[in-house]
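Trainee: build me a structure from this.
(one chain, ligands or ions: 2)
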Amino acid sequence: MNAAELPEREGMDYDVVVVGAGPAGLATAIRLKQQAAERGAEISVVVVEKGSEVGAHILSGAVVDPSGLDALLPGWREEEDRPLVTEVVEDHFYLLGPAGGAKLPNFAMPPLMNNHGNFVGSLGNVARYLARKAEELEVEIYPGFAANEVLYDATGAVRGVATGDMGIGKDGEPKAEFTRGMELRGRYTVFAEGARGQLSKQLIAKFGLGDGREPQKFGIGLKELWKVKPEKHKPGLVQHAFGWPLDSKTGGGAFVYHMEDEQVMVGFVVHLNYQNPWLSPFDEFQRFKTHPMFRDTFEGAKRICYGARAITEGGFQSVPKLSFPGGVLVGCAAGFVNVPRIKGSHNAVLSGMLAADHLAEALAAGRSHDELASYEAAWRGSAVGDDLKKVRNVKPLWSKLGTYVGVPLGALDMWTNTFGFSLFGTLKHGKPDCATLKPAAQCKKIAYPKPDGVLTFDKLSSVFISNTNHEEDQPVHLKVKDLGLQKSSELDVFGGPSNRYCPAGVYEWVEEGGEGPRFQINAQNCVHCKTCDIKDPNQNITWTAPEGGGGPNYPNM
Ligand SMILES: Cc1cc2nc3c(=O)[nH]c(=O)nc-3n(C[C@H](O)[C@H](O)[C@H](O)COP(=O)(O)OP(=O)(O)OC[C@H]3O[C@@H](n4cnc5c(N)ncnc54)[C@H](O)[C@@H]3O)c2cc1C
Ligand code: SF4
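Mentor: Ligands and ions are numbered 1, 2, ... in the order given. Just a heads-up that it's a prediction; the model follows:
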């Protein structure tokens, strides 16, 4: 059936449509309702979420800077169902070598790196809490629906989104249970899709929002949740490590956070500007856990959950223009992560609130579908801009000068920025992450140890505990534009890096029937991290939302 033969979509009209029920989207919705109450006005708000429930697709550290929650819901700390209960009590940084490591003195760290006053917890649970608050304020939230198309009016302004059709078979034909997607139309539409949002990426390209800014940079973050033995558990302990197992040219590092109920979250971030196509972020993560200074934590422990998600790393100089006719970007769809702090959730909330204040103003003035230029003009002077500006050179210094020179210089720059100046001005990032791989023949293969099934694992058993689930009879949601190019470049030049950067074993080059290697996509394993959309050297893979509700089902990641 072609598009012209499809039945008309039904539609619903709102003042504001929000795409994505993460901290940014939900903070926008809550703040809009608070503004409506303060102004004695009605503002109708709908939030669509592609996860089967709110929080199902959220994966973060997380050590949460509570400044966002404090501003949005000042009484949250007193509430029975508050999502963050474990305050940071100890905070350590380590530089690792293969056999040992050095703890860095806390006094050498710029004050902004201090984690005291922050909370260890699950960002998925923060989102669930925010969703409850939003629903109490009569925000309509629809989990299980991916927005997969931006709707435009005749002038080219955004007028809402459409959710995907359900019940289309692998062959592209409607099945018996076929249901047409819905149009959600808004006077304004807020894109809060998180890192590398599918629609946000289209909007950034269409409206040239990245023009004159540095390219957005990313990392891939992998994470496991463990239940550890009571004697190994120190609620509120926060540990960060860098160095081994990565070489000095590859940026990234590990985190180990102890939260309540004997749960320890261990994760590993690899900056996606790495050069060696033989590198496997998943296997680097597994190796990290075997380090003598960390393996002890997991002795006798049980792994409960696994997942992965891209994180934005471009910071201040990569934030695209936030406003365009009919809509805005908030949270990590715009890239508000403070990289050295590995924190973005506070800025997600604060940017959502800032956008909501400007939206409420525009709605009160009877405006619609125009550009919210005042929001774009305001963010650099807000707490979000202040937070990002101070750390803007850490990532470029690390990328250009490597771990042993770049990281200390980054720390020095954060110190000088604490006093209001930088020796470096604002450094550029250079190439986008898709352009940094070297040809495989110029790089050394990396031999990773076999998993032991106790502390280290393979991808498939890991994906199993991400609870990822997709309707099998649907079109593949990972779109490869040119299969010939995939073979001639991705495989023949770069050695098939998708097989290694994908943390879920989705991509394989399989040999069968003497016909030469075939690019196999095991789409049902996808954990929606978006790394393929970012790192494919030819930008030949596009991630699109599968049928609504598909994807990981993270309990408290
Ligand atoms: C490994 C890792 C560790 C991190 N550690 C920390 C930390 O310790 N502290 C911290 O503060 N921050 C941390 N961050 C960053 C933090 O997670 C992000 O800054 C934060 O999640 C951004 O919030 P958001 O609402 O913008 O996006 P997200 O949290 O990504 O939420 C986006 C939501 O939108 C939904 N969505 C996306 N596209 C669509 C669509 N088209 N239709 C419908 N729904 C859609 C998604 O399913 C998701 O629920 C970490 C990130 C990673 C990856
Ligand atoms: S297919 Fe892409 S989005 Fe899905 S898990 Fe693999 S790299 Fe991540």
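Trainee: helix/strand/coil for residue 91?
Mentor: strand (DSSP: H, G, I helix; E, B strand; the rest coil).
Trainee: nearest spatial neighbour of it, skipping sequence neighbours?
Mentor: Once flanking residues are discounted, residue 91 sits nearest to residue 115: 4.2 Å by Cβ to Cβ, 6 or more residues apart in numbering. Every C-beta, even on glycine, is put in place using the N, C-alpha and C of the backbone.
Trainee: now residue 479
Mentor: Using Cβ to Cβ, 6+ apart, the closest residue to residue 479 is residue 542 (4.5 Å).
Trainee: try residue 433
Mentor: residue 272 is the one closest to residue 433 (Cβ to Cβ, 6+ apart), at 4.1 Å.
Trainee: what does the stretch 401-550 of the chain put close to ligand 2?
Mentor: Along the stretch 401-550 of the chain, the residues adjacent to ligand 2 under the rule Cβ under 6 Å from any ligand atom are 478, 502-504, 506, 526-532, 543.
Trainee: and residue 209, which of the three is it?
Mentor: coil.
Trainee: that one touches residue 329, doesn't it?
Mentor: Yes: contact criterion Cβ atoms under 8 Å: residue 209 and residue 329 qualify, at 7.4 Å.
Trainee: who touches both of those two?
Mentor: By Cβ atoms under 8 Å, 6 or more residues apart in numbering, residue 209 and residue 329 have these common neighbours: 203, 320, 322.
Trainee: now for the nearest residue to residue 424 once chain neighbours are set aside: which residues touch it?
Mentor: The shortest distance from residue 424 to any non-neighbouring residue, by Cβ to Cβ, 6+ apart, is to residue 393 (4.9 Å). By Cβ under 8 Å, 6+ apart, the residues touching residue 393 are 410, 413, 422, 424, 426-427.
Trainee: most neighbours, which of the residues you listed?
Mentor: Most neighbours among the contacts of residue 393, by other Cβ atoms under 10 Å: residue 413, with 24 neighbours.
Trainee: so which helix or strand takes in it?
Mentor: Using DSSP states H and E, residue 413 sits within helix 394-418.
Trainee: check residue 241 too.
Mentor: Going by DSSP H and E, residue 241 is part of strand 237-243.
Trainee: what of residue 222?
Mentor: Using DSSP H and E, residue 222 falls within strand 218-227.
Trainee: give me the sheet partners of that strand and which way each runs.
Mentor: Paired strands of strand 218-227, with direction, are strand 263-271 (antiparallel), strand 302-312 (antiparallel) (DSSP bridges).
Trainee: turn those strands into TSV, columns for distance to ligand 1.
Mentor: Compiled in TSV, the strands paired with strand 218-227 are given as follows (distance: least, Cβ to the nearest ligand atom, whole Å):
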stretch	distance to ligand 1
strand 263-271	5
strand 302-312	4
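Trainee: closest to residue 34 out of those?
Mentor: Ranking the strands paired with strand 218-227 by proximity to residue 34 (Cβ to Cβ) places strand 302-312 first, at 27.0 Å.
Trainee: show me what counts as buried in that closest one.
Mentor: By 16 or more other Cβ atoms under 10 Å, the buried positions in strand 302-312 come out as 303-312.
Trainee: now tabulate those residues in a markdown table and tack on distance to residue 148 and pLDDT.
Mentor: Converted to a markdown table, these look like this (distance: Cβ to Cβ, whole Å; pLDDT from 0 to 100):
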| residue | distance to residue 148 | pLDDT |
| --- | --- | --- |
| 303 | 33 | 98 |
| 304 | 31 | 97 |
| 305 | 27 | 98 |
| 306 | 26 | 98 |
| 307 | 22 | 98 |
| 308 | 22 | 98 |
| 309 | 19 | 98 |
| 310 | 19 | 98 |
| 311 | 23 | 98 |
| 312 | 21 | 98 |
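Trainee: got TSV for those, with distance to residue 253 too?
Mentor: Below are these laid out as TSV (distance: Cβ to Cβ, whole Å):
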residue	distance to residue 253
303	21
304	23
305	21
306	19
307	18
308	16
309	16
310	16
311	12
312	16
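Trainee: residue of the stretch 201-350 of the chain with the smallest distance to ligand 2?
Mentor: residue 308 (6.5 Å; Cβ to the nearest ligand atom).
Trainee: residue 434 versus that residue, what's the distance?
Mentor: 18 Å (Cβ to Cβ, to the nearest Å).
Trainee: quick one: low-confidence parts of this structure?
Mentor: 1-4 (pLDDT under 70).
Trainee: where do the helices sit along it?
Mentor: 23-39, 67-72, 123-136, 198-206, 281-288, 345-364, 373-378, 383-389, 394-418, 459-464, 483-485, 498-501, 531-535 (DSSP state H).
Trainee: could you dump the ones you listed to TSV with distance to residue 439?
Mentor: Listed next are the helices of the chain as TSV, based on distance: least, Cβ to Cβ, whole Å:
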stretch	distance to residue 439
helix 23-39	38
helix 67-72	43
helix 123-136	38
helix 198-206	27
helix 281-288	20
helix 345-364	37
helix 373-378	40
helix 383-389	35
helix 394-418	20
helix 459-464	25
helix 483-485	15
helix 498-501	15
helix 531-535	15
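Trainee: got JSON lines for those, with distance to ligand 1 too?
Mentor: Shown next, in JSON lines, are the helices of the chain (distance: least, Cβ to the nearest ligand atom, whole Å):
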{"stretch": "helix 23-39", "distance to ligand 1": "3"}
{"stretch": "helix 67-72", "distance to ligand 1": "9"}
{"stretch": "helix 123-136", "distance to ligand 1": "5"}
{"stretch": "helix 198-206", "distance to ligand 1": "5"}
{"stretch": "helix 281-288", "distance to ligand 1": "10"}
{"stretch": "helix 345-364", "distance to ligand 1": "3"}
{"stretch": "helix 373-378", "distance to ligand 1": "15"}
{"stretch": "helix 383-389", "distance to ligand 1": "11"}
{"stretch": "helix 394-418", "distance to ligand 1": "14"}
{"stretch": "helix 459-464", "distance to ligand 1": "15"}
{"stretch": "helix 483-485", "distance to ligand 1": "25"}
{"stretch": "helix 498-501", "distance to ligand 1": "15"}
{"stretch": "helix 531-535", "distance to ligand 1": "11"}
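Trainee: between those, which one is closest to residue 170.
Mentor: So among the helices of the chain, helix 483-485 is nearest, using Cβ to Cβ, at 16.9 Å.
Trainee: buried ones in that closest one?
Mentor: Under 16+ other Cβ under 10 Å, helix 483-485 has no buried positions.
Trainee: show me what that helix is in contact with.
Mentor: Helix 483-485 is contacted from outside by 519, 538, 540, using Cβ under 8 Å, 6+ apart.
Trainee: which of those residues fall within strands?
Mentor: Counted as lying in strands by DSSP state E, out of these, are residue 519.
Trainee: what is the nearest of the contacts of helix 483-485 to residue 106?
Mentor: Set against residue 106, the nearest of those by Cβ to Cβ is residue 538 (44.3 Å).
Trainee: ok, that closest one touching residue 492?
Mentor: No: Residue 538 is beyond contact range of residue 492, at 11.9 Å (criterion: Cβ under 8 Å).
Trainee: more neighbours, the two?
Mentor: residue 538 (17 against 14).
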